[in-house]
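> Task: produce atomic coordinates for the following.
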Amino acid sequence: MADPKMLAPDLTEYHWALYACGHLLDLTAEPHPPVGLYRDEQSATLHGLRMWPATFTVIDLNKDERS
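As a prediction, the model looks like this:
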């Protein structure tokens, strides 16, 4: 990383993925990557609720189950 004050993230710490599910509104038919990765489920869910109240999914990357 260019800035020595910013640590590179340890991706093993991020267990939750947030997906904006545009396919639920027929906006897309193609798969998309997660919008963000989170350390805890609550943060992922709160972000999803604020951005896409009815069309988001949070997945535990360790279990690969949808919540």
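> Could you look up the SS state of the most centrally placed residue in the chain?
Centre of the chain computed as the mean C-alpha position; nearest residue by C-alpha atoms, centre = their mean is Leu18, 2.0 Å away. Recorded secondary structure, Leu18: strand (DSSP: H, G, I helix; E, B strand; the rest coil).
> what pairs with it across the strands?
Note on Leu18: beta-bridge partners Gly36, Val58, judged by DSSP bridges.
> quick one: it and Ala29, what's the gap?
In this view, Leu18 and Ala29 are 20 Å apart by C-beta to C-beta, to the nearest Å. Using the backbone N, CA and C atoms, a C-beta is placed for each residue, glycine as well.
> for the spatially closest residue to Leu11 that is not a sequence neighbour, what are its contacts?
Spatial nearest neighbour of Leu11, chain neighbours left out: Leu37 (7.4 Å); criterion: C-beta to C-beta, 6 or more residues apart in numbering. Leu37 sits next to Leu11, Tyr14, Trp16, Ala17, Leu18, Leu61 when contact means C-beta atoms under 8 Å, 6 or more residues apart in numbering.
> Which pair of those spans the longest distance?
The most widely separated members of the contacts of Leu37 are Leu11 and Leu18, with 15.1 Å between them, by C-beta to C-beta.
> What subset of the contacts of Leu37 is buried?
Tyr14, Trp16, Ala17, Leu18 (16 or more other C-beta atoms under 10 Å).
> for those, which one is nearest Asp3?
Out of the buried ones among the contacts of Leu37, the member with the shortest distance to Asp3 (by C-beta to C-beta) is Tyr14, at 20.4 Å.
> and the closest one, what pLDDT?
What the model reports for Tyr14 is a pLDDT of 95.
> ok, it to Leu7 distance?
Using C-beta to C-beta, Tyr14 is found at 14 Å from Leu7.
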